[in-house]
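Peer 1: Fold the following.
(chains A and B)
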Amino acid sequence: MSKKKTSKKDKTKRTQTVKRILKYASPYRGAIAGAMIFAILYVVLNLTAPVLIGYAIDNAIEKGKVDFASIGQLLLMTGITILGCSVFQWLMGMFVNSVSYLTVRDIRSDVFRKFNSVPLKYIDSHPHGDLISRVINDSESIGDGLLQGITQLFSGVVMILCTLAFMLMLNPFIALVVVIITPLSMFVAAFITRLSQRQFREQSETQGELSAYIEEYVGQQKLVKAFGYEEQAQKSFEEINERLRQCGQKSQFYSSLANPSTRFVNGLVTTAVCITGAVSVIGGSLTIGQISAFITYANQYTKPFNEVTGVIPQLQTALAGADRVFALLDKPDQLPDPEDAKDISQCKGKIDIENVSFSYSPDKPLINGFELHIRPGSRVAIVGPTGCGKTTFINLLMRFYDATGGDIKIDGTSIYSMKRQKLRSLFGMVLQESWLYNASVRDNISYGKPDASDEEIIKAAKKAHIHRFIQRMPEGYDTLITEDGANLSQGQRQLMCIARVMLCDPPMLILDEATSSIDTRTEIKIQEAFNAMMKGRTSFIVAHRLSTIKEADIILVMKDGDIIEQGSHAELMSKNGFYTNLYNSQFAAT
Amino acid sequence: MFRLRRFLKHYKLQLVIGPLCKLIEAIFELLIPLITADIIDNGVKNNDLDYVFQKGALMILLGVLGLGFALVCQKSASIASQGFGTRVRNAMFRHINTFSHRELDKIGTPSLITRMTNDINRLQLAVAMLIRLVIRAPFLVAGALIMAMTIDMRLSLIFFGAALVIALILFVIMTRSVPFFKRIQKKLDDVSLISRENLSGNRVIRAFGRQEKDEARFDDNNDELAHTAVAAGRLSALLNPLTYIVAQGAIIAIVWFGSGYVFTGELMPGQIIALVNYMTQILLAMIVVSNLVVIFTNASASAARVNEVFDTKPSVVETNNMPAKQDDNAPSLEFRNVSFCYEGSGHALREISFTAEKGQTIGIIGGTGSGKSTLVNLIPRFYDVSEGEILVDGINVKDYSFAQLRKKTGIVPQKAELFSGTIEDNMRWGKKDATDKEIKKALKISQSYEFVSKLPEKTHKKLTAGGKNLSGGQRQRLTIARALVGSPEILILDDSASALDFATDAALRKALREETKGMTVIMVSQRVGTIRYADKILVLDGGELAGSGTHNELLQNCEVYREICLSQLKAEEVENK
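Peer 2: Got it, this is the predicted structure:
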């Protein structure tokens, strides 16, 4: 009972998935309509040819009784039919191709956009390899399978109907025989499909898992080597791979049963046609030429069934892939920006954090009743043991995550009433993990200001003390940087990220361990550059080096999601509390 | 493509049985038109109903047998093709594991992922098709040709002509589409790369409001991918119509000349029907072949990409697996005139020499890009030196097996990365059979014990990829613990305390000193405070050794070091201690 229910649920889900794919194809409905029209023309002509050939053969009755004139005429007609038929087939193929590849392109593009619109939490908590597999493999299987499958289905149906019509015209009785037997093959195919759909879903999921594994382990190859972990990594990989093999083999086998089974049923049809045909000829209601045409039809009639069942594996892979793609697309987006978004024309940098609470997972509250008021132009340093919520603070300020309670205001305007983009443009941000992308040094530095001139870029690079290094690179500012490029040190990568922010000249600044990999001499110079840039502007600095912290206007000491002390360096030192301990620890002898 | 056949050798049975069964099925299939003709020419002509039914029963029997054989073939195909793909993947992953970073940089992780999934999938499909169709289709063609010959020699010439022309068409279209398929896979790599970047840099992208620009960049590549695919499709779409024209043209010719022979009494109409049926069969087989051709052209492009990975030789190789004899008096670590340069750029390190005795702590300090990380990366042989040699316990690192060398050394890289799995799983990286006690000790030394024991799941906490569900500092401490679990003889800390606050950093160093007697520690840092009490400090400047000695010695005679110190500590602090 329950099994029946789930299969019914599966079925409606499948219909919905198909409908959604069709919706993706709908912008190309012109091409689809074209494909369908050409499909009909192709099918009709394709079916006409054997009729003409049959008539032609009928004119060659026996020795000495051959009507060459009629044969010639009929064959000429056949030739024209064939030409037309192949032209239409070609046109149909072209249209189908375009529709399927362009639809896949649109799906991919939507998936990619989804990466930018889901809450960051989703991306933080999801294996990237699996997400990439949806862009690459799952999307591709949609194109491979479903769209071509659907056209095959369509031309198949047209062919079945036309053949049926032709056959009815020739001899209703034999047509009836064919009609009764062939649905059997559809039934067989449907049964097999249902049997294997689960395997296909599993296959697609395992493939995602495998991609995630490769992404993680190949991406961290250095560590794998350092720990001599190759064998274990190989073992786990082979375990996933083995699972992929098992479900892959099952799905492939089950779905490949459909084709021979239907062909078997069709063999029965041919036999039935042959026998009834022969009986009819003996009874005198059919000519020999007609029976030849008939056998061709019976074949023709069953061919689309064969083709349809032949694409079943791809169809199933496609459906499984589509389910995964749509599951991602259905993830709720981050809250949309408000309609009447407020704007801050001249940012002064007054920040009020009012009674903010937040947690990454509802069962573990992290920040509660967080209250902080920052005067315009302050330099705010945040210190505290790791895991105390410093990065969370920045996540909230930049709206990477939304607070679960309370409000954050900039110059009196709630950040939740602003456009995210506007809010973020108020801050220049440098994170500890320096992210560069596959492009030239120039493009990486001008990332936040793509229209910057060369002088501006060089100026920013000079301020970040990376200009001289860049000049020494093989192609200077045109040198290509790769995402995990080995010949840039961690510090150099950070300097590039700093140059990127320097170029933007933002009204406020967030530095989250931004100089952790940079040597102190360079750091001091960069600090000076930042100071000059940030004169009178609000900035937030998360750092461990007390040299950077000491000069802050206000130091926030955080612990377990709360501010436990705040004040200037001198004030905090005189309190002789947590901060004092922290500060003195750097001089502790080791 | 054929080089990959070595992965098929375990499936010899399937490779023989599969096509064989398919062949038998095909023979049965070929017999059908013959029997049909027989029914018409004998049964119908003589009005013999019994004969008709007899032959009908035979047709059904052949059908049942055919189904059985077909099923065996499908089973063989699924076993062999999926098994083949699995083996190629395993071998490829194993091969990638031998790569050093130099090779990984060259191919790139996203491309490796597409090669291991998408490309191998295509190859897998090709293997399945190979078993299912490659024998069957040509056999159907050949069989149809032979049958045609038995009916009428002269008319069979038409068949040969048609088959030849079709083969030519296939060849031309196949060779023309290979470059397209290569370009498609390349573009797929790019799409994968951009997706990966977008995911890893999502914060930065949002911070700079670059979503639209990034989407445009993606769209450019995605568009190009689609259009290349459409262009390739345009070519493939020619295949079926062209084949169709040739085959149908042949049918016209058969009927025309055939009627001539009927007129002269050399042929019966039923035979013409049989010939037409055979030609139709050839056409159907050819359509299958042309689809196969598309699959194989695709697969050959993919095979080239897979082979490219196999052909990439690791630049760092094990030269000697013999356990080397150790000299107990030799220094724990020694650099002799070591120079190193990355591919395509100048010297990253030049003529570095130093020694580290057992149990000593060596500090390495220097400006950004001065070669600190490069230096320590040479010790576990992530890269090989360009000149000079590195000795561990008096033996060149190249003479150790990787396993030996990496057991001796434990490295904590600058980027704190953990792996998905529990904390405990991560701790066992260096030593599979580490006891709970060993893990606990490592956690304590690395100052992680406190926060780990505060977690509700303790060491069983599940980490996401990279350990992203922990804070940067927590991650960093766990990476230190991970290296300590294997109790290496040489511990390398590559600026591994950058995300730690001073108190934790100090406590860590204290614990390291007290708890790991006899362990040689190489400590890269930006902070003078971290390394000032090291037994020896190496000062790097632009890839060269600007000075080495203790803190006080260097203060006296190394200008670079003095500057670094002055940038961090007050003058009196520098002089005092």
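
Peer 1: Spell out, range by range, the strands that occur in chain B.
Peer 2: B:333-341, B:347-356, B:361-366, B:387-392, B:395-396, B:409-412, B:421-422, B:462-463, B:490-494, B:520-524, B:536-541, B:544-549 (DSSP state E).

Peer 1: got those as JSON lines, with distance to chain A columns?
Peer 2: (Each C-beta comes from the backbone N, C-alpha and C, glycine too.) As requested, the strands of chain B are exported to JSON lines (distance: least, CB to the nearest CB, whole Å):
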{"stretch": "strand B:333-341", "distance to chain A": "9"}
{"stretch": "strand B:347-356", "distance to chain A": "8"}
{"stretch": "strand B:361-366", "distance to chain A": "7"}
{"stretch": "strand B:387-392", "distance to chain A": "14"}
{"stretch": "strand B:395-396", "distance to chain A": "18"}
{"stretch": "strand B:409-412", "distance to chain A": "5"}
{"stretch": "strand B:421-422", "distance to chain A": "9"}
{"stretch": "strand B:462-463", "distance to chain A": "11"}
{"stretch": "strand B:490-494", "distance to chain A": "9"}
{"stretch": "strand B:520-524", "distance to chain A": "10"}
{"stretch": "strand B:536-541", "distance to chain A": "10"}
{"stretch": "strand B:544-549", "distance to chain A": "13"}
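
Peer 1: I'd like the ones you listed written out as TSV, with mean pLDDT and mean neighbour count added.
Peer 2: Listed next are the strands of chain B as TSV, based on pLDDT from 0 to 100; neighbours: other CB atoms under 10 Å in any protein chain shown:
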stretch	mean pLDDT	mean neighbour count
strand B:333-341	90	19
strand B:347-356	88	19
strand B:361-366	90	26
strand B:387-392	90	18
strand B:395-396	86	18
strand B:409-412	87	26
strand B:421-422	87	16
strand B:462-463	86	15
strand B:490-494	90	24
strand B:520-524	91	24
strand B:536-541	90	23
strand B:544-549	88	19
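
Peer 1: any chance of these in JSON lines, plus distance to A:Ile394?
Peer 2: Shown next, in JSON lines, are those (distance: least, CB to CB, whole Å):
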{"stretch": "strand B:333-341", "distance to A:Ile394": "37"}
{"stretch": "strand B:347-356", "distance to A:Ile394": "34"}
{"stretch": "strand B:361-366", "distance to A:Ile394": "29"}
{"stretch": "strand B:387-392", "distance to A:Ile394": "41"}
{"stretch": "strand B:395-396", "distance to A:Ile394": "47"}
{"stretch": "strand B:409-412", "distance to A:Ile394": "25"}
{"stretch": "strand B:421-422", "distance to A:Ile394": "28"}
{"stretch": "strand B:462-463", "distance to A:Ile394": "22"}
{"stretch": "strand B:490-494", "distance to A:Ile394": "26"}
{"stretch": "strand B:520-524", "distance to A:Ile394": "27"}
{"stretch": "strand B:536-541", "distance to A:Ile394": "33"}
{"stretch": "strand B:544-549", "distance to A:Ile394": "37"}
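
Peer 1: Run through the residues of the stretch 251-400 of chain B sitting next to chain A.
Peer 2: Within the stretch 251-400 of chain B, the positions lying close to chain A (CB under 8 Å from any CB of the partner chain) are B:251-252, B:255-256, B:258-260, B:262-265, B:268-270, B:272-273, B:276-277, B:280, B:284, B:342-346, B:348, B:365-370, B:372-374, B:380, B:382.

Peer 1: Mind doing that once more with 7 Å?
Peer 2: Within the stretch 251-400 of chain B, the positions lying close to chain A (CB under 7 Å from any CB of the partner chain) are B:251-252, B:255-256, B:259, B:262-263, B:265, B:269-270, B:272-273, B:276, B:280, B:342, B:344-345, B:366-369, B:373, B:380, B:382.

Peer 1: Pull out the buried residues from those residues.
Peer 2: Neighbour counting by 16 or more other CB atoms under 10 Å in any protein chain shown classes B:251-252, B:255-256, B:259, B:262-263, B:269-270, B:272-273, B:276, B:280, B:342, B:366-369, B:373, B:380, B:382 among these as buried.

Peer 1: quick one, longest helix in the chain?
Peer 2: Picked chain A for this. helix A:230-283 (DSSP state H).

Peer 1: Hmm, no, I was thinking of chain B.
Peer 2: With secondary structure taken from DSSP H, chain B has its longest helix at helix B:211-263.

Peer 1: Now that helix: average pLDDT?
Peer 2: Averaged over helix B:211-263, pLDDT sits at 89.

Peer 1: Quick one: list the elements packing against that helix.
Peer 2: helix A:29-58, strand A:60-62, strand A:65-66, helix A:68-117, helix B:153-200, helix B:269-311 (3 or more CB pairs under 7 Å, 6 or more residues apart in numbering or on different chains; DSSP states H and E).

Peer 1: just the angle between that helix and helix A:68-117, please?
Peer 2: For helix B:211-263 against helix A:68-117, the angle by axes from the mean of the first three to the mean of the last three CA atoms, to 10 degrees is 160 degrees.

Peer 1: Let me see the confidence value for B:Arg428.
Peer 2: pLDDT at B:Arg428 comes out at 86.
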